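Trainee: based on what follows, work out the 3D shape:
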Amino acid sequence: MTAMWTDTQPAAGMPRLFERGEDLISFAGGLPDLDLLPLKELSEQLARLTRLGGRIALQYSTPHLAKALVPAITDLMAREGGSAGGAGNLVPTAGSQMGLLALGLGLATPGETVLCQTPAYPGAAAAFRTAGLRPYGAPEDAEGLDPQALRATVARLRAEGRQVRMLYCNPTFQNPTGATLSVERRHQLLDVARESGLLIVEDNPYGLLGFDGRTFQTLQGIDPENVVYLGTFSKVFAPGLRCGWIAAPEPLAGRLRRTTEVMALSPSAFTQAALAAFHARSGWDTLLDAYRERYRERCGLMADALQRELGTDGPWRWRRPDGGFYLWLRHTGRAGTRRLAVAAAEQGVSFVPGGHFGLDGECADTLRLCFSNAPRDRIAEGVSRLAVALRDAETDAKVTAETDSRAGAGAGAGSYLSPDSDADSDSDADSGPDADSGTGADSGTGADSGTGASTGTGAERRAA
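Mentor: Now for the predicted structure:
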């Protein structure tokens, strides 16, 4: 019997982000706080749309972006110095996840290597692997993606016979680290990409969610002819509408449009019309300002609680981000966080172990906390529960190490804090058996004197 594709390809799984128990405080899934949506106004607009245009809006459509939605996208992209171009440059998607798979299927060939900023959004690695591509960690240093090392990496990989045509990155308030690439680095990165014949894939869900309203020019805004941009309404409006877009040079947009047509036949005309109507009547300012203020407050509550519970001189390091949804913690003693997640669940709190964001077992000593949707009055309690789990695991590890030492066994073997056993247990999450990566695993966990963080250097390495 012929083997199925799923039997022969590497695992391309996703972490479980949205599970909730009766008393579970979830810091796992990156959900926006939809309490801020003007639901009464929105329901009236949707009712009007259904009553007056339902026969068209609820019908099949073409794989082209609705012209009525172009101003809403143009407005969002212009706020970060980007250019949406015209309707011919825009491809509708059901969110960035669909866009990532469309890129892998439409612009690459199975077996190609795609460079990825690491730690990497697990959905990107899963999409690329599903398309038959081989994710490889782009080199980084303490400031993020390292343009000069990137040039050398591309040359070496090509000398080894690999085809390398794309670099995937999330340069603003990155998931999971919250880090932002400097403007100077952005220009350097684009220069090297052009010289090396690399197409940049810029994923930008969080760029408009800086807590103080500050924005950074997108890579697409600097070099629109060599960047494919993934946009989404999931974080700036609501994820349940499942609507996003790809902005690309017209020849690439045509290929991507054909790919998305195969994937979904047509986008939701109703969703596009609803978003277009909301923007035309309300614009984005009020909602964006509300989201920014809410996430600034939630981030502050979580960071302050971490400092109270874990201190600045303990084994955990983090830095307070300036925007986005996440705090990224790293253990200086290389604690395996996959098993710590089990201990945390027993205390009634959840997070995402860092191994999900690695390409080949790296990041096993890190964890991601999401503050965006955590109830304000439960953040401190959730961090307290987390701290109990982390401290208990640390105590258990020390007792085990002392017992094993007296018995002549290897110190700490099999404990919660064993990084090697934890890395192995992450193999079902996002790294396939032939996963091939370099690592910039701890970029974004750098120093912040107010939060006791320390900078990790993303030294590139080849996978075994």
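
Trainee: shaky segments in the chain?
Mentor: For the chain, the stretches flagged by pLDDT under 70 are 1-22, 395-464.

Trainee: so how far is the host helix or strand of Met98 off the chain centroid?
Mentor: When secondary structure is defined using DSSP states H and E, the element that contains Met98 is helix 96-106. Relative to its parent chain, helix 96-106 has a centroid offset of 15 Å by CA atoms, centre = their mean, to the nearest Å.

Trainee: likewise for stretch 345-363?
Mentor: Taking CA atoms, centre = their mean, one finds stretch 345-363 lying 14 Å from the centre of the chain it belongs to.

Trainee: likewise stretch 38-57?
Mentor: If you compare the mean C-alpha spot of stretch 38-57 with that of the full chain, they lie 32 Å apart, counting by CA atoms, centre = their mean.

Trainee: residue boundaries of the helices in the stretch 251-400 of the chain?
Mentor: With helices called from DSSP state H, counting those that start in this stretch, the stretch 251-400 of the chain shows them at 269-282, 285-310, 337-347, 379-407.

Trainee: dump these into TSV; add mean neighbour count as well.
Mentor: In short, each C-beta sits where N, CA and C put it, glycine included. Formatted as TSV, the helices of the stretch 251-400 of the chain follow (neighbours: other CB atoms under 10 Å):
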stretch	mean neighbour count
helix 269-282	19
helix 285-310	18
helix 337-347	20
helix 379-407	17
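
Trainee: list the buried residues for stretch 107-125?
Mentor: By neighbour count, with 16 or more other CB atoms under 10 Å as the criterion, the buried positions of stretch 107-125 are 107-108, 112-125.

Trainee: among the residues you listed, which two are most distant?
Mentor: Largest separation among the buried residues of stretch 107-125 by CB to CB: Leu107 and Pro119, giving 23.6 Å.

Trainee: how about Gly283, what does it touch?
Mentor: Residues in contact with Gly283 (CB atoms under 8 Å, 6 or more residues apart in numbering) are Asp75.

Trainee: any idea how far Pro71 is from it?
Mentor: Noted for Gly283: a distance of 10 Å to Pro71, by CB to CB, to the nearest Å.

Trainee: and what of Ser268?
Mentor: 18 Å.

Trainee: repeat that for Thr130.
Mentor: If you go by CB to CB, the gap between Thr130 and Pro71 works out to 33 Å.

Trainee: these two - which one has more neighbours?
Mentor: Neighbours were tallied for Thr130 and for Pro71 using other CB atoms under 10 Å; the higher tally belongs to Thr130 (17 against 13).

Trainee: okay, the more buried one and Leu100: tell me how far apart.
Mentor: To Leu100, Thr130 is 9 Å away according to CB to CB.

Trainee: also Tyr291?
Mentor: With distances defined as CB to CB, the gap from Tyr291 to Leu100 amounts to 23 Å.

Trainee: likewise for His356?
Mentor: Taking CB to CB as the measure, His356 falls 16 Å from Leu100.

Trainee: got it, and Ile379?
Mentor: The gap separating Ile379 from Leu100 is 31 Å, by CB to CB.

Trainee: same question for Phe325.
Mentor: Here Phe325 is placed at a distance of 18 Å from Leu100 (CB to CB).

Trainee: next: Ser266.
Mentor: In this view, Ser266 and Leu100 are 19 Å apart by CB to CB.

Trainee: neighbour count winner among these two?
Mentor: Neighbours per residue, other CB under 10 Å: of Ser266 and Leu100, the larger number sits with Leu100, 25 against 14.

Trainee: for the nearest residue to Gln272 once chain neighbours are set aside, phi and psi?
Mentor: With sequence-adjacent residues excluded and distances taken as CB to CB, 6 or more residues apart in numbering, Gln272 is closest to Ala66, at 4.2 Å. With angles defined as degrees, to the nearest 10, Ala66 sits at phi -60, psi 130.

Trainee: counting by contacts, list what the helix holding Met98 packs against.
Mentor: Here helix 96-106 touches strand 90-93, helix 122-130, strand 199-203, strand 227-232, strand 244-247, helix 250-264, going by 3 or more CB pairs under 8 Å, 6 or more residues apart in numbering; DSSP states H and E.

Trainee: hey, where'd the strands end up in the stretch 51-200 of the chain?
Mentor: With DSSP state E, counting those that start in this stretch as the definition, the stretch 51-200 of the chain shows strands at residue ranges 90-93, 113-116, 134-137, 140-141, 144-145, 164-169, 199-203.

Trainee: could you dump those strands into a markdown table and include distance to Leu36?
Mentor: Rendered in a markdown table, the data for these read as follows (distance: least, CB to CB, whole Å):
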| stretch | distance to Leu36 |
| --- | --- |
| strand 90-93 | 24 |
| strand 113-116 | 32 |
| strand 134-137 | 35 |
| strand 140-141 | 34 |
| strand 144-145 | 30 |
| strand 164-169 | 29 |
| strand 199-203 | 23 |
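
Trainee: okay, the ones you listed, which one's buried deepest?
Mentor: Ranked by mean neighbour count, those are led by strand 90-93 with a mean of 28 (mean count of other CB atoms under 10 Å).

Trainee: may I have the strands that pair with it, each with its orientation?
Mentor: Neighbouring strands of strand 90-93 in its sheet, by DSSP bridges, are strand 244-247 (antiparallel).

Trainee: C-alpha coordinates for the strand it pairs with, CSV please?
Mentor: The C-alpha coordinates for strand 244-247 follow below in CSV (Å, rounded to 0.1, in the frame of the first residue of the first chain):
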residue,chain,number,x,y,z
GLY,A,244,-6.1,38.9,6.5
TRP,A,245,-4.1,39.8,3.5
ILE,A,246,-0.8,39.4,1.6
ALA,A,247,0.8,42.5,0.1
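
Trainee: noted, bye for now.
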